[in-house]
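Asker: Turn this into a model:
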Amino acid sequence: MNVLVVGSGAREHAMVQAVVRSEKVEKVFVAPGNGGTALMGGKVCNVSLKATDPEGLLRFAEEHRVELTIVGPEQPLELGIVDLFRSAGKKITGPAKAAARLESSKAFAKEFMMRYGIPTAGYHVFHDVLSANNHIENSPAETFPKVIKASGLCAGKGVFIVLDRKEALQANKDLFEERIFGDAADEVIVEDFLKGQEASVFVLTDGTRYRLFLPAQDHKRIGDGDTGKNTGGMGAYAPAPLVTPDVMRKVEERIIRPTLVGMAEDGSPYTGFLYVGLMIDNGEPSVVEYNARLGDPETQVVLPLLKSDFITALEACFDGTLSEVPFEMHEGKSASTIVIASGGYPDHYENGKVVSIASDIDSLEQCMVFHAGTSYENGSLLTAGGRVFSVTALGNTLRESIDRAYQAVGKINFEGSYYRKDIGAKAL
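Answerer: Numbers count the residues shown, from 1 in each chain. Below you'll find the predicted structure:
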């Protein structure tokens, strides 16, 4: 079969690697792909189409007899790519536009959770700076810290943890007046601060049945010790010891099942990948946010730990057999991924830096280099994004996987490269 993977990051590179392992697959098209997928060769071919061009992607899928399309990033989902493909009779993995609102509108997601009794932080929604500031001015000092979020899509960066009124008023100004996230901040959420540790749970669902990937934990802040600005993610590991079997049972009973039932009852059955961002405090999980797709960098650890055929599971979502097909993980294995970023990320950074990768990197045991922001031009590999690589390694222990990943990181060089030195440390 021919498969189309939509996206250009390390998540999509990891998806492509999982797809090509399937004996069912003859050709994998990646739109637009990156330098890493360009260099894979064999079954894999990049396509010069933007992920935000659903009509162009559909035409390509029809012309090239694509039998299954897998959507990586959130923007095409918000644009209705799933609805478009389904209307043309094409199989595509992902939620319809109405269901993808769980991610594309945090205001919608919060209202949904409150209505169905799904545990999450208390919140208020604002549409202008005056009412938001009035709420902050009237909030007692003991109610801080608070969390202020743009309701729309911000590539994981539209969140402010504010410690006092001054910081909160500045966040309101940045969102409403400075418009640092544009229309994504037409609605702004002010939330109660949840205590605990964050973790991520990923689900593959056909709208009723679901299967679970291994839980992961990512590292959002740019600096060691979880300091500095939020990013799209600087590293991750799985499985996350924080998500014990008892915690996972609570997540399924209190969050996943009510979410799928609620979306179906609301007339928007949820299909595809569901990412549940959790805060876990003393074994009690609450939802921080939903994402309507697999996470990045978490995909780069959960997919390599999937032992079963990825394509078989995706196909089962269309024929009602998801609960019957194998969905096994590599037992006793851990995975870690380290993101190598451009200097200056998540603020200003320069592209076009020449990348050198040591020739012996392929000899490192159970290591994978996923390209995030690279391009391959005139025989040279160049940086082309804030997050440039996601370097993953497996091991029999978390410590072993971390050590292997950092060993591989040391073999990749470009001017201004930066990475955190403490990925996974909190679980050791």
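Asker: ok, so what distance separates the most centrally placed residue in the chain from L274?
Answerer: Nearest to the centroid of the C-alpha atoms of the chain, with distances taken as CA atoms, centre = their mean, sits G295, at 1.6 Å. Between G295 and L274 the computed distance is 11 Å (CB to CB, to the nearest Å). Where C-beta positions appear, they are placed from N, C-alpha and C, glycine not excepted.
Asker: Now do the helices for the stretch 151-300 of the chain: every range, in order, please.
Answerer: Per DSSP state H, counting those that start in this stretch, the stretch 151-300 of the chain carries helices over the ranges 165-172, 245-251, 257-265, 299-302.
Asker: Which residues in the second one does the neighbour count mark as buried?
Answerer: By neighbour count, and taking 16 or more other CB atoms under 10 Å as the criterion, the buried residues in helix 245-251 are V247, M248, K250, V251.
Asker: Kindly indicate which of those residues lies nearest P119.
Answerer: Comparing the buried residues of helix 245-251 against P119 with CB to CB places K250 closest, at 9.0 Å.
Asker: does the residue nearest to the centre of the chain really touch D218, like I thought?
Answerer: Yes. G295 lies in contact with D218 (CB atoms under 8 Å); the separation is 6.7 Å.
Asker: okay, and the common contacts of those two?
Answerer: Common neighbours of G295 and D218 (criterion: CB atoms under 8 Å, 6 or more residues apart in numbering): S200, G233, A236.
Asker: most neighbours, which of the residues you listed?
Answerer: Counting neighbours by other CB atoms under 10 Å, A236 leads those with 29 neighbours.
Asker: What's opposite that residue in the beta bridge?
Answerer: Partner residues in beta bridges with A236, using DSSP bridges, are D218, T337.
Asker: contact partners of stretch 126-136?
Answerer: Residues contacting stretch 126-136 (CB under 8 Å, 6+ apart): 124, 146, 165, 168-169, 172-173, 176-177, 186-190.
Asker: repeat that for 6 Å
Answerer: When contacts are defined by CB atoms under 6 Å, 6 or more residues apart in numbering, stretch 126-136 is touched by residues H124, R165, A168, L169, N172, F176, E177, E187, V188.
Asker: Mind picking the two most distant members of those?
Answerer: Of all pairs drawn from the contacts of stretch 126-136, the greatest distance, 21.2 Å, lies between R165 and E187 (CB to CB).
Asker: Overlap in contacts, G295 and L274.
Answerer: When contacts are counted by CB under 6 Å, 6+ apart, G295 and L274 have no shared neighbour.
Asker: For G33, what are phi and psi?
Answerer: With angles defined as degrees, to the nearest 10, G33 sits at phi 70, psi -170.
Asker: Show me what the residue lying closest to it once chain neighbours are set aside bridges to in the sheet.
Answerer: Nearest non-adjacent residue to G33, counting by CB to CB, 6 or more residues apart in numbering: N46, 3.6 Å away. Following DSSP bridges, N46 is listed with bridge partners V30.
Asker: pretty sure N46 contacts V30?
Answerer: Yes. With contacts counted by CB atoms under 6 Å, N46 reaches V30, the gap being 5.2 Å.
Asker: partners of whichever strand or helix holds L68 in the sheet?
Answerer: Assigned by DSSP states H and E, L68 falls within strand 66-71. Here strand 66-71 has these sheet partners by DSSP bridges: strand 2-7 (parallel), strand 92-93 (parallel).
Asker: Thanks a lot, see you next time.
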